[in-house]
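1. Here you go, sequence then predicted model.
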Amino acid sequence: MEARLTGIERNQVLQYLGYKGGGLSEALSADLARCERTLMETARPRAVWRLYPLLPDGRLEGTDFTPAGDSIRELLHGCDAVLLMAATLGSEVEQLIRRAQVGRMGDAVILDACGSAAIENVCDNLCADLEAAFVPRFLTDRFSPGYGDMPLKQQEELFRVLDVTRRIGVSLSESGLMLPQKSVTALIGVSDSPQPRRHRGCASCAMFESCAFRKDGTNCGAF
């Protein structure tokens, strides 16, 4: 199952840039399109995943990894297995952004936002592929260390169990920062019954660019 980058969601890029609506200038639209295209051409996405039975004590079978926190326990309620996954855009994107930071800070900021949207696309595609592969079983949303009350420190355990550094070239700093930074790790529950899904947020809304709520720095409450 290969990592696939199939597009960069413009609304997500604008959200990462702090855009609050009001229309885009032609110049900004052109800059966004150019940076999106450059990042798509530069990225070399890679991903790894593995399935682990979930034991009654909360531990992943064959490991000493027990996902901690009420948030992840709630997500995995009713699940009997857990998928661990990791994905990255590759070091090439990291180098692209760093080069832009020398004299082209505007591009660097846009490229950084494009990278964040791009790794989401890679993860969404991987999750869609996994969902298809596991039919007729059902998957939960993905959930990463540091979300909710799941300790970020558990990133180290996930890296070790999934052998992330060796398999896709992503390393972990002492502070828990992934390098390359445009990388994601996550846990996904597997169940025999459909699982509740979280709302995807403002970026998934068709009214994103013209939303009056966003202009005022708020939201409609639907997400």
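-> Looks like it came in fine.

2. Check the offset of the longest helix seen in the chain from the chain's centre.
-> If you go by DSSP state H, the chain has its longest helix at helix 105-134. Computed by CA atoms, centre = their mean, to the nearest Å, the chain-centroid distance of helix 105-134 equals 6 Å.

3. Now do it: which elements does it pack against?
-> Applying 3 or more CB pairs under 8 Å, 6 or more residues apart in numbering; DSSP states H and E, one finds that helix 105-134 makes contact with helix 10-16, helix 26-42, strand 46-53, strand 81-88, helix 91-100, strand 138-143, strand 183-191. For every residue, glycine as well, the C-beta is placed using N, CA and C.

4. For Val122, find the nearest of those.
-> Ranking the helices and strands packed on helix 105-134 by proximity to Val122 (CB to CB) places strand 81-88 first, at 5.0 Å.

5. and that closest one, what does it pack onto?
-> By 3+ CB pairs under 8 Å, 6+ apart, strand 81-88 packs against strand 46-53, helix 105-134, helix 154-162, helix 164-168, strand 183-191.

6. returning to that earlier point: reformat the helices and strands packed on helix 105-134 as JSON lines; add distance to Leu111 and mean neighbour count.
-> Converted to JSON lines, these look like this (distance: least, CB to CB, whole Å; neighbours: other CB atoms under 10 Å):
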{"stretch": "helix 10-16", "distance to Leu111": "10", "mean neighbour count": "20"}
{"stretch": "helix 26-42", "distance to Leu111": "5", "mean neighbour count": "15"}
{"stretch": "strand 46-53", "distance to Leu111": "19", "mean neighbour count": "17"}
{"stretch": "strand 81-88", "distance to Leu111": "16", "mean neighbour count": "24"}
{"stretch": "helix 91-100", "distance to Leu111": "5", "mean neighbour count": "17"}
{"stretch": "strand 138-143", "distance to Leu111": "24", "mean neighbour count": "20"}
{"stretch": "strand 183-191", "distance to Leu111": "16", "mean neighbour count": "23"}
